[in-house]
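Q: my questions are about this predicted structure, shown below with the sequence.
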Amino acid sequence: MKTLQNKQSLSNKELSKKYRHEAYLRAKEYRKTDPQQIAMKEKLKEQRRDAYQKAKERNKAYRDQIKKASKEKSTGKMIVKQERLRKLVVPGSAIKGQAHGPVLIRKMTDSHFC
């Protein structure tokens, strides 16, 4: 009786909205308890985890590659600096009349004579 009175008191638009909402709640409950839906959700979760792990590994490999390249560049720069310093520093025994040990030889430029 109440449902009949409720149906009569509601307009068609409100009644349609109520039925849609009830159908939505039934479908939601069905998806929550359906074994196929649960299995599909688990499969999707596993795929997301795998994709995340693969992306994580790719990013780690990329960072390691950049770090390795950076180290190679820095060691290359260090070698160049050391070679420049070796050109400037001459062992004392190479210079006649000097004491033993490295001696720093500065290049004379025009700016020193001003």
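A: The structure has been received and is ready for your questions.

Q: could you check how far residue 53 is from residue 41?
A: Note on residue 53: its distance to residue 41, by CB to CB, to the nearest Å, is 19 Å. (Each C-beta comes from the backbone N, C-alpha and C, glycine too.)

Q: pLDDT weak spots in this protein?
A: For the chain, the stretches with pLDDT under 70 are 1-8, 90-114.

Q: can you give me the strands in it?
A: For the chain, the strands defined by DSSP state E cover 89-91, 102-104.

Q: show me the helices in the protein, by range?
A: Along the chain, counting by DSSP state H, helices occupy 2-9, 12-33, 35-88.

Q: could I get these as CSV with mean neighbour count?
A: Below are the helices of the chain laid out as CSV (neighbours: other CB atoms under 10 Å):
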stretch, mean neighbour count
helix 2-9, 9
helix 12-33, 10
helix 35-88, 10
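
Q: from residue 30, how far out is the residue nearest the centre of the chain?
A: Among the residues of the chain, residue 59 comes closest to the average C-alpha position under CA atoms, centre = their mean, at 5.6 Å. Computed as CB to CB, the residue 59 to residue 30 distance reads 40 Å.

Q: distance check, the residue lying closest to residue 31 once chain neighbours are set aside against residue 62.
A: Excluding the flanking residues, the one nearest residue 31 by CB to CB, 6 or more residues apart in numbering is residue 37, at 4.8 Å. Residue 37 is 37 Å from residue 62, where distance means CB to CB.

Q: same question, residue 53
A: Taken as CB to CB, the span from residue 53 to residue 62 is 15 Å.

Q: what do you get for residue 89?
A: Residue 89 is 40 Å from residue 62, by CB to CB.

Q: then residue 75?
A: In this view, residue 75 and residue 62 are 21 Å apart by CB to CB.
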